[in-house]
Each structure stands twice: as structure tokens, then as C-alpha cells.
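S.K.: Okay, structure incoming, though there's no sequence with it:
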């Protein structure tokens, strides 16, 4: 098969954190041994709760932050770091979309100027070609020509996020990283952006890394999903399968916790305890203190992410039959 | 004599800095009832309750009536309201970490309410605060009493907020987006706690949320708000089965499923209207698929749709069960 | 904790070394103490003898080395004007200055903080605007101008209070007010800002929602939080107060450190100037450390919050 567009192997990112004003220092493993691949034209979603390392993983993949260990290759070659030559041209091939569109846009430039800027920076075609491309991008994201001459503060939240998307798409990137692109938007607007992302993806074939805590949105836009817990991927597979029949107990709880108008509340699996503190990572499987089916092996040994069938992998002793505890029960 | 509602808002209007943010809200909450208020930003869902409890400050101009067991409390003097707030109606907010005072221990912030509303002395209040911490599921309650908010997680802080709200033994708890700032597994815990508290104490509950899912799980009745008014009111199950107002139907259609067959969501075109420049007539008109010229002429009032269903009200000229049963909506809603 | 104090101490020592060196250079290079103290028409032999006695005939860098060595031994030297130990000369002036600065600080706190808090509570009212106008006037008008104005009105026009010198309570009032008014103005503005910031916080509304009376919300929830940023300003004010004392003592002929400093500078009495500068530096460093420690007392987040040391987010 062809080389994947992006391949990350055993990425690690640590931060030093001091406890209290005068306290001792300790190390937080924000990202711990994460391997993933994104093929051309594919959307991979990273889901998980706050502090699970999904955003950090996104920044590592796009080269905004250096990894402490591991390797990232983009289109078959090693990704240059910010201080290295070639970083700039690699940046044009990867674009990022953040949660807050107002913060991402320059408030002194009109929408047209913002979208044109990356084209000028990366010397894309002739000036008239650039103008054509801006017009094409605007209509692709559903903005009219009347929006093009406005400033960011004159647009609504949804329109701003469309403008950010248009700007990200301008240099024809191979990969777009979207970090919680909809959480700042109203429910009715989220649906617009979900559809837009799905449509753009289908039309342009741009690969996408979609980082979100919203499983419902993830399911709409992604081909594969990776669930993260405390810096590690615990389950991976196609979203319909992962959310329809989750294997990892954490994924099961996550899926069942989503409030939904048309679901009975008795199905819910309530996890005890708080989301774990990355500064105080439990030994063995990090999820075991909250896990309803943890066995003795789970407290001692870190389960590896291993395939269970062709398209899916999971990191759980119970699924692989190595727990010594009860066998995994599946959500109906 | 018919049972009097516990709380009744009549034609509640609020303007802040000359902008009309609430334009005549009518709502009732029966004793012990759980009501959900759903809406997007600018719908006035939070302002309604801040105004009802006199928490908007001096810049806001509030008109209408807020009757608590028949007595209008809207323009009552502060000492009177201080005996209502926390003791008869408590309110908790979206961001638990910033709703607690960072320089006081969480136990003291709960004890403060106990001493104020229940006249306890320091020791009794501390013991009761500890009991409340246990009741709201804070592990190691004795030690947590002396923690500061920044030392607790978001979920624990929201439990503290709930404990402080329960401290005054209120008849009604108003929860404004109580789980929006929390992770989804913690959200599930908090919603579960609220349900549990309700079954134990018989306390009424108002949940303000942008998420119909949360309301469907916790409430029996729901009011949908848009641009400063209630546009539809119904028992939750009825609303989900057969939404009458096009906005409600559109909101439901815009919500993706997490299971079942994957289908394209139906987005609502346009954006939430600017309160400074509301469109003429029905404020949802420009985004509405059933929009006609009549919708621009006047704003429809919230009215009963059908004599057989007195609990169902909608503010739409096209509202009728015939529309609600239309196959396009049925397909969308029951997909 | 230890690291914290070690860093502070090192910084203090560097500050003091710089102050000492700076004062030496300025005073020695800008004039000759022998001429200043003996007067210009003194016989040349007398001046030469004075120079020899005080070591002023040696090259400048040797004088500096000698001087530093003496300080390291704890010897701050003698006053060239009256030959007594500089420390003694300075120490006998301290009470007079404290008599002014401590009440002035209290005056600043007692007037500035309530005015600022009150203005914040009455935001955009006439009172608020009046307080803010007064505050702007308070710190834009230099203290010596303000002092002269007070003298003009209360001593010369009305004849209620003495215009200078040391004596009973009446003598203190005008200098204290003059010295304290700038700080009060700064504090009023700052306390108002801090208070407005705190009043906008969700926990204030949450307090009201629990039925706490407004007065209690202010006193027990808003004020402790507003005190935290205000404290920073109080730390800075101690420095301003000392600078102000130099001016005010001269306007009101108050026999304190400020006047001693001016007299000593004019006569190039290096040992005394150095001694005063060291004292001022020590007081300011002490004030800053106190402020830092008070932060910990007022703000539990500083005591126990995890701080980010790495590049990442927390």
C-alpha cells in the first residue's frame, strides 16, 4: 500500500510541573507512547476528556511543539522542527483550525485579506489566480461576496469559523488539524459546521485530524476515531463500530454518558470518581481505579494497544483476556 | 380550588442598557416539578431566572410579575429577597470553579448558608456541611471541608455548589448550565446526583441548558426559548416526539445521533438574531422553512395549540398537530 | 521556601551594592567635600589637612576600595560635618521621620481604600466621578506644591496650623496630610479597579443567589479578593513614601532623614548619605518581602497551586 500521509510512532510529550509555590517538581506525561497514522483523504478523530492529551497530540503532529521521544513522518519524510529549514513549506501543507475563531482571525484585516494572506505568503500562482482562488474558497465554505469585505467582528461565530476554514484551505493543505472547532458555537450553528466539514472533506479529499470531546460531532465527520485516556490511545476503529459497540470500558462509559433526547437513561454506565490527574497517573492501566471490571493484572501492568480485528484495536486486559477478572461485557 | 403554581412568571421583560433581552416571558413551575429551559445564546434562558431572583444588578430594567406561591417578589426590598434566595429558591451556575470564592474554604462557604438560613452555630453548621458533602457524593468529606476551590476538580466544585444550594433546604433549585463546563463522564455524575436529590427531597428543579439531551434526561416539562421569548412549551416526551414550533423541530434535526444509522444533520440556516436588530414579526422567520408573509407582519403569541393537549403551547402561526405529524419531521425526529 | 529567600537575599545584596556604588560615584565626582564643608575661602593648608584626615587625597579607586572594605566590616564611617559615627547621626533622625511616614501611610490606607471601594460600589455615580477626579488631582499635583498650598490656606490665611517645625500634634497634621495624599489617591484608584474586577466575578452573583445580604457579600467575599491586587500597590507606596518624605520634610522644615539627606548631599557628606541610602534600600526590600509573604496569607492559591515550570499548558 502507499505510504500514509502522516505517521507518528511512539510519541511522548512531558511537562515539568511544580506543586505549590515552594513545592517539588514532577513530570507530567501529557502524551505517552502514542502511535497513529492518517491516510490521504482520511479523517481521524481524537476524542477524550480534558487533560487526556488530545490537543497536545495535535500540536505535536503539526510540529507546533517538539516531541520528547518518538518520530513523525509526513508524506514519507521526517517532519522538520520549527527552527529547521523546510519547516515553512511543510507548514503550508498542514493547517490548523482552533476553537475560538475570533482569536484566530486578525481583526484589522477583512475576511478576503485574511484568506488571501496565506496565498501571498506561500506565493500561490499569479495575483489574478489568487483572487479567483479566494472567491472559490469563500463560496466553498458558504460565505457570500458581501462577507468578504467585512471584518471579523462584523460576522457571527459560525461565519467566522467558516472564514477560518477557508483560510486554512487556501494553500491546498494535505492535512487540516481541527481542535474543538465547534465548541464555541451555538447548537444550530454546530450542525452547519459539521455538514460543511463533511462536505469539504468529501469534495477536496483533504486529510483531517479532528480533535473533539463531542462524540456526536466526531461520528458525523470522521472515518476513524481514536479514544484517548491520560495521554494514551485506549481504543481505535471506525466511529460507527467504536461508538456502536465500544470495547474498552472507558469508551463504553463515554458513549453511554452522552445525554440524548431519545435514549433511556437506564443504559447509562456511571463512572465513579473524578477524571484522573495527569500529575498522578495510576500504575498499570491508568483507567483501573474507575473501571467497573478491573482485575488484578490491570493494577500492575499497562495494557498495550493491540488489534482485535482488522479495523479495530483496544488497550484493555479484559478484551485481550489477560486480566484475571471477568470477561468484557459489551454494550447492547 | 386548583393547585397554585409554586412559581409563576408573568410577562417578564428585561432590558439591559436599552436592549430588550427578555420580551415577555410566561412560565410556571409547580411544586416539585422539573422544568427544562432550552435555548441558544441570546435566547434569554439565563436572564429569565437571574431577573426572577433579582440578581441582574442595577443596570437591568425588569418588568412583569414573579409570583412565588402567589406573592409577587419582583420588586421586593433586598432583605426580603435575601430570605427567598438560597432558602426557597437556590441557583447554581455554569462554571463551578469561579462560582466559589477562591479565598474561602469550601466547607466555610457551605456553612455560611447554614448559619444564615438555618440559624446554626459554627459547630452545628460544620457538622451539617459535612453531612451535605457526604450526601452530594464528595468522598473524604471531613477533609474536603477545609479545601479551597482550586484544590478540587470541576466536578467536585459543582458538588460543593449543589451542597451549598441544598444547605438552605430550598423548594426549587435553578441550575444554569450545570454541566457545560464539565467533562462528559462527570456531567453524567452530576445529572445523576440532581435526579437523586430530587427524589429524596421532592425539590423542584429548573435546568437551563443548550442541550435538549440533558433536559430530556432530567425534566418532565420543557420550554424552548428563542430571542427573548418562550416559543414552545410541552411535556418533554411530547416535544421530542412531535415538536410543533419549526425552531424546536429544527433544533432536534440539527442534533447528530451517536448510535443508529448515520444521517446527515439538518442545519438551521443563518444565525441567532442580534437582539438589537430583531427582524420584524416572528424573530425566527428569516431562518424558518415554513415562513410566510404573515410571519413578518406580527409576532405570534404563545398559545395553546389544541384543546386536547392543554400542556402544549407554541408561538407560531403555523402551529398545529397536522404540521407536527408531517412525514418530513417524523423521519428526522425518529431517525 | 528556602530557595525563595535565597533568591530574595541575593537580589537585595545586588541592589544594595549598586546603590552604594552609584552614590559614591555621584557624590565624589560631582564635587569636593573639603571645599563644601570647609567653605571655599578656608586656608589651603586647612583644606589639605582635611583631605588627608578623611583620606580624600588618595586616588578615587582606592577611596572606593577602602570604603567598600569598611562597609563590609560593618563600619559605615563618620560624618565629615560633625565627626560622629554616621550611624548615630542617621539613627537620631529616624524617629522624626517615622512620626511622619507611619501616620502618612495609615492616612493613605484609611482614606484611599474606603474611597476607592465606595466609588466602585457606586460606579458611574456622581460620587464615583468626584472621587476619581480627586484621585487624579491627588497624584498629579506634586507633594511640595500641595504642601505649599496647605500652608497657604491653613497657616497663612486661616492661621489654624503652624507652617513648619516640630512640636505638638498641630505641627504634624499638615506634613502628614501632604505626604499621605499621593498614596491615598493611588490607592483609591487601584482599590476601585480591583473592587470592580471582583464584583464582576461569578462568585459574587453566586453569593447573592445563596441569599447572603449584600453587605456580607461585599465584606466577606469581595473585599478579601480585592485586597490581593491592592497589596502590590501598598508595597510600592513604601518607596514613594520615603521619596515623598525628602520633599515634605524640606517644605515643612521637619528634622527627619529627608532633611538630613539633602543637607548631607549638598555638603558631600558621603558616609551619612550612604548610611541613609542603605537604610532606604533595606526598608524597601523589607517592604517587598513582607508583601510577598502577605500574598501567601491572603491568597490560598499561591500557597498550594501547582505552577507550570515547563512550556506546556497546565
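M.R.: Yep, that arrived. Because the structure is predicted, anything quoted here is derived from the model rather than measured.
S.K.: Then residue A:73 would be within a strand, right?
M.R.: Yes. Remark: residue A:73 belongs to a strand, assigned using DSSP: H, G, I helix; E, B strand; the rest coil.
S.K.: beta partners of it?
M.R.: residue A:7, residue A:78 (DSSP bridges).
S.K.: contacting residues for it?
M.R.: A:6-7, A:79 (Cβ atoms under 8 Å, 6 or more residues apart in numbering or on different chains). In this view, the C-beta of every residue, glycine as well, is placed from N, C-alpha and C.
S.K.: Over to residue A:112?
M.R.: With contacts defined as Cβ under 8 Å, 6+ apart, residue A:112 is in contact with A:134, A:138, A:148-149.
S.K.: try it again with 7 Å
M.R.: Contacts for residue A:112 were tallied using Cβ atoms under 7 Å, 6 or more residues apart in numbering or on different chains; they are A:134, A:148-149.
S.K.: quick one: pLDDT of it?
M.R.: Predicted confidence (pLDDT) at residue A:112: the value is 90.
S.K.: about what we covered before: let's have the contacts of residue A:73 in CSV, adding distance to residue B:90, pLDDT and neighbour count.
M.R.: Below are the contacts of residue A:73 laid out as CSV (distance: Cβ to Cβ, whole Å; pLDDT from 0 to 100; neighbours: other Cβ atoms under 10 Å in any protein chain shown):
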residue, distance to residue B:90, pLDDT, neighbour count
A:6, 50, 90, 25
A:7, 54, 91, 19
A:79, 53, 78, 22
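S.K.: any idea how far the most far-flung residue of chain B relative to its centre lies from residue C:248?
M.R.: For chain B, the largest distance from the centre (Cα atoms, centre = their mean) belongs to residue B:123, which lies 34.7 Å off. Per Cβ to Cβ, to the nearest Å, residue B:123 is found 52 Å from residue C:248.
S.K.: for the stretch 1-150 of chain B, what spans make up the strands?
M.R.: B:7-16, B:19-29, B:34-38, B:60-68, B:71-72, B:89-92 (DSSP state E, counting those that start in this stretch).
S.K.: How far does the helix or strand hosting residue B:232 sit from its chain's centre?
M.R.: Residue B:232 belongs to strand B:229-235 when assigned by DSSP states H and E. The chain centroid and the centroid of strand B:229-235 are separated by 12 Å under Cα atoms, centre = their mean, to the nearest Å.
S.K.: Would it count as contacting chain A?
M.R.: No. Applying Cβ under 7 Å from any Cβ of the partner chain, one finds strand B:229-235 out of contact with chain A, separated by at least 12.7 Å.
S.K.: That strand pairs with which strands, parallel or anti?
M.R.: strand B:221-226 (antiparallel), strand B:309-314 (antiparallel).
S.K.: Past it, which element shows up next along the chain?
M.R.: Next in sequence after strand B:229-235, counting helices and strands by DSSP H and E, comes helix B:236-241.
S.K.: now residue C:264, nearest residue through space, not along the chain?
M.R.: residue C:272 (4.2 Å; Cβ to Cβ, 6 or more residues apart in numbering or on different chains).
S.K.: which residue does chain B bring closest to chain C?
M.R.: Residue of chain B nearest chain C, by Cβ to the nearest Cβ: residue B:86 (3.0 Å).
S.K.: Test my guess that residue B:30 contacts residue B:6.
M.R.: Yes. Applying Cβ atoms under 7 Å, one finds residue B:30 in contact with residue B:6, separated by 5.9 Å.
S.K.: Between the two, which is the more surrounded one?
M.R.: A count of neighbours by other Cβ atoms under 10 Å in any protein chain shown puts residue B:6 above the other of residue B:30 and residue B:6, at 20 against 16.
S.K.: Report pLDDT for the more buried one.
M.R.: Predicted confidence (pLDDT) for residue B:6: 94.
S.K.: Within range of chain A, give me the residues from the stretch 51-200 of chain B.
M.R.: Applying Cβ under 7 Å from any Cβ, we find that the stretch 51-200 of chain B lies next to chain A at B:153, B:155-156, B:183-189, B:192.
S.K.: Repeat the analysis, applying 6 Å as the threshold.
M.R.: B:153, B:155, B:183-185, B:188, B:192 (Cβ under 6 Å from any Cβ of the partner chain).
S.K.: Now the two most distant members of these.
M.R.: With distances taken as Cβ to Cβ, the most widely separated pair in these is B:153 and B:192, at 16.5 Å.
S.K.: Report the contact partners of the closest residue to chain C within the stretch 51-200 of chain A.
M.R.: Closest contact between the stretch 51-200 of chain A and chain C, by Cβ to the nearest Cβ, is at residue A:56 (7.1 Å). By Cβ atoms under 6 Å, 6 or more residues apart in numbering or on different chains, the contact set of residue A:56 is A:13, A:30-31.
S.K.: could I get those residues as a markdown table with neighbour count, secondary structure and distance to residue C:124?
M.R.: Below are these laid out as a markdown table (neighbours: other Cβ atoms under 10 Å in any protein chain shown; DSSP: H, G, I helix; E, B strand; the rest coil; distance: Cβ to Cβ, whole Å):
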| residue | neighbour count | secondary structure | distance to residue C:124 |
| --- | --- | --- | --- |
| A:13 | 25 | strand | 49 |
| A:30 | 26 | strand | 46 |
| A:31 | 30 | strand | 49 |
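S.K.: Of those residues, which is the nearest to residue C:161?
M.R.: residue A:30 (66.8 Å).
S.K.: hang on, the closest one packs against residue A:53?
M.R.: Yes. At 4.9 Å, residue A:30 counts as touching residue A:53 under the criterion of Cβ atoms under 6 Å.
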